[in-house]
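>>> only the shape, not the letters, is given here:
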C-alpha cells in the first residue's frame, strides 16, 4: 500500500455523465474532468495512476438525498475492496429525519466519515446550529471531510479560513480540511489554520507554489497532511507529479499513505 487518495468522487452509473456535465456547466472557469463520473472510471484511473485505495466522498446537495446516498455507500462498502465510501449528511436533514439516528446508523454500518460542502450545500460551518451534527459525529467517531475555500461554481465563500478556524476548535471532532485548508485562500490558512488539530488534504492544490506547500507542511506537521486528488476533477498523477518534487523519505510515506492508514484504521 503506497498511495491512498482520501478525496475522490464517483456517482451512480445512471447519472454519472450528466452530473459531470452539470458541474462543468456551473463552473465560472474552465476545469478539466476525467472519465464519465462512474465507479468504473475511478477504478480505471486508479490503476493508471498507481492508487491503491480511494475514498469516495459524496455530497448531499438536498436533505432528501441523505438516506439514499448513505444506503448506496453502505452497500458499496460490502463489495468494493479498494474503494472506501464515506457517507453524506445535510445541515437541514433534521427537518425531515433524525440526524443523530442516521449518523449512528451509518457509523454502525461501517461508514468512517461524511463529506460536507459549504458551497454546494450553502451553509456556514461555524453556525451554532450545527453543534448537534458535530456532536453526533464525535459520539460516533465519524470523520468530517470539509470542502474549504473557493469553489469555482459559486460566488462568495462560506468556508473561509477564518470561519473554519472556529470549527477547528471543536474538541474531539476528527476533521479533514480539503485543498490544503482553503482553495485559493492559502495565506489565510497560514494565518488561521496551520497548527490546529485538523488534517489537510492535497486535493486540487497543484497551483500552489512549492515554497508555500513546504511552509504549510512545516508549520502544520507532516503527520496531519493527507494525499487527495479530487478526482474526477484532477488525477492522482497530477498531484504526485507536483508533490514528488517536494516530498521525500518518511515525510512522503506519511502523506501518501501512512497518515491515512492511521486515520482510517486500516
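Done, it's in. No experiment lies behind these values; they were computed from the predicted model shown.

>>> quick one: contacts for the residue lying closest to residue 43 once chain neighbours are set aside?
The shortest distance from residue 43 to any non-neighbouring residue, by Cβ to Cβ, 6 or more residues apart in numbering, is to residue 83 (7.4 Å). All C-beta atoms are positioned from the backbone trio N, CA, C, and that covers glycine. Listed by Cβ atoms under 8 Å, 6 or more residues apart in numbering, the contact set of residue 83 reads 10, 39, 42-43, 53-56, 76.

>>> most neighbours, which of those?
The most crowded member of those, judged by other Cβ atoms under 10 Å, is residue 54 (29 neighbours).

>>> list the helices and strands the helix or strand where residue 239 lies packs on?
Assigned by DSSP states H and E, residue 239 belongs to helix 236-243. Packing contacts for helix 236-243, counted by 3 or more Cβ pairs under 8 Å, 6 or more residues apart in numbering; DSSP states H and E, involve helix 39-49.

>>> what pairs with the following helix or strand past the helix it packs on, parallel or antiparallel?
Going down the chain from helix 39-49, the next helix or strand is strand 53-56, by DSSP H and E. Paired strands of strand 53-56, with direction, are strand 4-8 (parallel), strand 83-85 (parallel) (DSSP bridges).

>>> out of these, which one sits most buried?
strand 4-8 (a mean of 28; mean count of other Cβ atoms under 10 Å).

>>> go through the helix holding residue 239 and flag the buried ones.
For helix 236-243, the neighbour count (16 or more other Cβ atoms under 10 Å) marks 236-240, 242-243 as buried.

>>> report the longest helix in the protein, please.
helix 66-79 (DSSP state H).

>>> what about it, distance to the chain center?
Computed by Cα atoms, centre = their mean, to the nearest Å, the separation of helix 66-79 from the middle of its chain amounts to 17 Å.

>>> what's the per-residue pLDDT of the residue nearest to residue 43 here?
Note on residue 83: pLDDT of 98.

>>> now it: how far from residue 54?
6 Å (Cβ to Cβ, to the nearest Å).

>>> just residue 265 next, same as before
Distance, residue 265 to residue 54, using Cβ to Cβ: 17 Å.

>>> quick one, phi/psi of residue 134?
Dihedral angles of residue 134 (phi, psi; degrees, to the nearest 10) stand at phi -70, psi -40.

>>> and the helix holding residue 239 with strand 4-8, angle?
120 degrees (axes from the mean of the first three to the mean of the last three Cα atoms, to 10 degrees).

>>> pull the distance from helix 236-243 to the chain's centre.
Using Cα atoms, centre = their mean, the offset of helix 236-243 from its chain centre is 17 Å.
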